[in-house]
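1. pasted the sequence and its predicted model underneath.
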Amino acid sequence: MKLFTELPEKERLIAEHFDSIIQDIKPLNSKQLAFLPHDIQKLSALLTAERSSLKAGYMNNAVMLSAYTRYFMRWNLFRLTSLFAGLDTKAFDFLKDGDYCLDIGSGPLTLPIALYLARPELREKKLNWYCMDTSQNALALGENFFLSCAARLQTEAEEPAWRIVRVKGEIGTRIKNKVTFVSCANMFNELYWDTHNPLEKEAKKYAALLLSYTVLNKTAPDSAAATKNMADAAAKNFARIAPDAAKTSNKAAYQTPAKSPCAVFVVEPGIPRAARFVSLLRSALIRSNMHIHSPCPHEGECPMDGKKGGKWCHFILDTENAPKNLLALSEKAGLPKDRAALSFVFASSSPVHKSISKSSAEKSAGKSARSASPQPIRICSDPIILPHSKTGRYACAPWGLTLVTGSGIKNGSSGDLIFADLNTRDIHTLPVDRKSGAKIVDAE
């Protein structure tokens with residue numbers, strides 16, 4: 001099962017014609033277009049090596065907003081549409097007519113637009129989207145782009161079913177209604193990058209803050225400060241009831257009402273520090289009675305948690321199917337891309353996994369062998385060359401870090417979900433890689 005999937009042709013054409021759509025909405029003159037690669041390169045430096053020089057409201061600057069939308073937004077759309085299209089067909093069944101959704105750090109509405117393009121079954125649902133960002137200019141541009149995409153995809157000349165509500169503010173800003181779905185794309189790295197607080201503390205705080213917006217939390221804070229105070233209190237409760245971040249059996253700060261399903265989706269750049277944050281956020285969400293829908297094939301301790309010197313969970317998307325004019329623009333800006341990386345977590349209040357955990361597998365190993373059952377394994381690395389002309393890939397499985405070998409994975413891709421028929425005794429007796437400590441599974 002592939003993690004990433006291409007868009008259908010009609011939606012793919014919108015992605016390919018992004019330039020003409022955005023030019024109709026926010027046109028650049030010939031001189032501005034000529035300087036665009038330079039502006040993109042400058043913004044890229046500010047977002048990475050020169051981050052300390054980046055001003056908080058940078059997308060209120062017209063030049064930076066143009067560079068962001070025509071390059072960074074496009075690449076993020078490519079990543080997110082490929083990911084959303086690849087999630088299972090029932091991934092968003094929890095969303096119903098009249099539900100409220102919240103996208104924090106929405107910028108030019110990249111994530112809602114990606115979801116609209118990638119999940120046709122959601123387009124007729126009457127969803128109310130709070131799109132929150134500190135830049136009203138970015139939100140306005142994004143709403144216009146969304147309306148243009150919707151117009152191109154609708155068969156009849158009518159208003160899209162989705163209603164966009166622009167909210168000027170940052171995470172913690174109050175909204176009127178509790179939401180069923182809360183999302184953030186490439187936002188947290190701008191918040192925790194230079195923090196002096198331990199990343200564990202930041203992840204607990206932000207997990208509580210995200211959940212405070214959802215239908216799981218019936219209390220409506222009167223202000224942004226009250227919302228943040230609630231998050232801090234919940235984070236302290238996490239620390240009190242679950243001092244070990246690896247344990248997932250503790251009581252939660254939020255109890256899940258059976259009739260109030262909700263989900264949280266967070267995606268960050270595919271770099272080690274971001275992957276570490278996502279792993280910690282995942283642990284905090286699990287301790288809040290949320291269940292991991294994707295990418296994890298289990299809800300035990302993360303074996304690729306991004307600790308210093310260890311492996312970090314991220315997925316690589318080949319760019320061969322990216323729009324050709326986007327690849328050309330990247331070359332002109334001196335930022336060529338042959339791969340796009342991301343780290344993410346998609347958590348739901350409804351149980352999704354029935355796989356065994358690492359601890360239960362090991363405890364059961366001494367018992368009589370049971371019949372084999374398909375065990376999910378998520379591929380997380382490029383192919384690596386092993387001794388004796390073998391090929392392998394590191395992966396995540398219910399029992400922990402895994403090294404998958406054999407010809408069966410040579411033609412696979414990062415993020416693939418494969419299955420191995422194993423019983424608990426098989427798992428316990430799997431050979432172990434001396435270098436990484438990973439259990440070895442042959443996928444011949």
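-> Yep, that arrived.
2. please count neighbours and contacts with C-alpha atoms only from this point.
-> OK.
3. which other residues reach the helix or strand containing residue 39?
-> Assigned by DSSP states H and E, residue 39 belongs to helix 30-47. Contact partners of helix 30-47, identified using Cα atoms under 8 Å, 6 or more residues apart in numbering, comprise 51-54, 63-64, 66-68, 71, 329-330, 332-335.
4. so for that helix, mean pLDDT?
-> The pLDDT scores in helix 30-47 average 95.
5. which residues in the stretch 201-350 of the chain form helices?
-> For the stretch 201-350 of the chain, the helices defined by DSSP state H, counting those that start in this stretch occupy 224-241, 272-286, 324-332.
6. low pLDDT regions in the stretch 101-250 of the chain?
-> Applying pLDDT under 70 to the stretch 101-250 of the chain picks out residues 155-157, 218-250.
7. repeat that for the stretch 301-444 of the chain.
-> Looking at the stretch 301-444 of the chain by pLDDT under 70, you get 352-370, 444.
8. what segments of it are strands?
-> Along the stretch 301-444 of the chain, the segments classed as strands by DSSP state E, counting those that start in this stretch run 315-318, 339-348, 373-379, 384-386, 390-397, 400-405, 417-422, 439-442.
9. would you tell me which of those gets closest to residue 213?
-> Proximity to residue 213, assessed across the strands of the stretch 301-444 of the chain by Cα to Cα, is greatest for strand 339-348 (14.1 Å).
10. show me what the closest one packs onto, helices and strands only.
-> When contacts are defined as 3 or more Cα pairs under 8 Å, 6 or more residues apart in numbering; DSSP states H and E, strand 339-348 sits against helix 74-86, strand 263-269, helix 272-286, strand 291-294, strand 315-318.
11. right, so those: which one is the most enclosed?
-> The highest mean neighbour count among those, using mean count of other Cα atoms under 10 Å, belongs to helix 272-286: a mean of 25.
12. if we look at it, which residues are touching it?
-> 189, 199-200, 203-204, 206-207, 238, 245-246, 248, 266-269, 291-292, 299, 301-302, 304-307, 312-314, 343-345, 347.
13. and the residue nearest to the spatial centre of the chain, what does it touch?
-> With the centre of the chain defined as its mean C-alpha position, the nearest residue by Cα atoms, centre = their mean is residue 267, 2.6 Å away. Contact criterion Cα under 8 Å, 6+ apart gives 184-186, 278, 342-345 as the residues in contact with residue 267.
14. in CSV, list those residues along with distance to residue 141.
-> Formatted as CSV, the contacts of residue 267 follow (distance: Cα to Cα, whole Å):
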residue, distance to residue 141
184, 18
185, 17
186, 18
278, 29
342, 25
343, 27
344, 26
345, 27
